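[1] Sharing a model that was predicted from the sequence below.
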Amino acid sequence: QVQLVESGGGLVQAGGSLRLSCAASGRTFSREDMAWFRQAPGKERDIVAAISWTTLSIYYTDSVKGRFTISRDNAKNTVYLQMNILKPEDTAVYYCAADTTGGHWLRDYKYWGQGTQVTVSS
């Protein structure tokens, strides 16, 4: 079992920044692939970024490339999502996810956090 708790969401103006954190407990975090997904109202939950447990593989969806950065600190059992140059279309609930063999799809992840709301005003 892996428990995930997200934090760092909030309300920010367009062009601003936020850093999301996801604290993990339970199984060995350092061997879990991690990802951030987001779900806007009325839309499906889609991947934003993913990072392998080795950090050798990092993925970003096209719409956030150059603006968002995913990272992890295995000593702190935490994965981060630094979000810069935020846009109103980034408004969504952001979810942290974990699995031993992650990927880019919802079905690739067994463990999920409760989500944190990010709202970007224009």
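    Sure, I can see it. Just so you know, these numbers come straight off a predicted model, no measurement behind them.
[2] residues touching the residue sitting nearest the centre point of the chain, list them.
    For the chain, the residue nearest the mean C-alpha position is Trp36 (2.3 Å; C-alpha atoms, centre = their mean). Applying C-beta atoms under 8 Å, 6 or more residues apart in numbering, we find Trp36 in contact with 20, 22, 47-50, 70, 79, 81, 94-97. Yep, even glycine has a C-beta here, placed from its N, CA and C like the rest.
[3] And the strands in this structure?
    In the chain, strands defined by DSSP state E lie at 2-7, 10-13, 18-26, 33-39, 46-51, 58-60, 68-73, 78-83, 92-99, 111-112, 116-121, listed in chain order.
[4] List the neighbouring strands of the first one plus their orientation.
    Within its sheet, strand 2-7 is paired with strand 18-26 (antiparallel), according to DSSP bridges.
[5] now the angle from the strand it pairs with to strand 116-121?
    For strand 18-26 against strand 116-121, the angle between stretch directions is 170 degrees (axes from the mean of the first three to the mean of the last three C-alpha atoms, to 10 degrees).
[6] Arg31 contacts Trp53, correct?
    Yes: contact between Arg31 and Trp53 holds when scored by C-beta atoms under 8 Å: they sit 5.1 Å apart.
[7] the more surrounded of these two?
    Just comparing Arg31 and Trp53: by other C-beta atoms under 10 Å the higher neighbour count belongs to Trp53, 19 against 10.
[8] okay but the more buried one is in contact with Ala24, surely?
    No: proximity of Trp53 to Ala24 does not meet the contact threshold set by C-beta under 8 Å, at 11.3 Å.
[9] Mutual contacts of these two, please.
    Going by C-beta under 8 Å, 6+ apart, residues that sit against Trp53 and also against Ala24 are 32, 34.
[10] Which members of the contacts of Trp36 are classed as buried?
    20, 22, 47-50, 70, 79, 81, 94-97 (16 or more other C-beta atoms under 10 Å).
[11] nearest to Val5, of the residues you listed?
    Comparing the buried ones among the contacts of Trp36 against Val5 with C-beta to C-beta picks out Cys22 as the nearest, at 7.0 Å.
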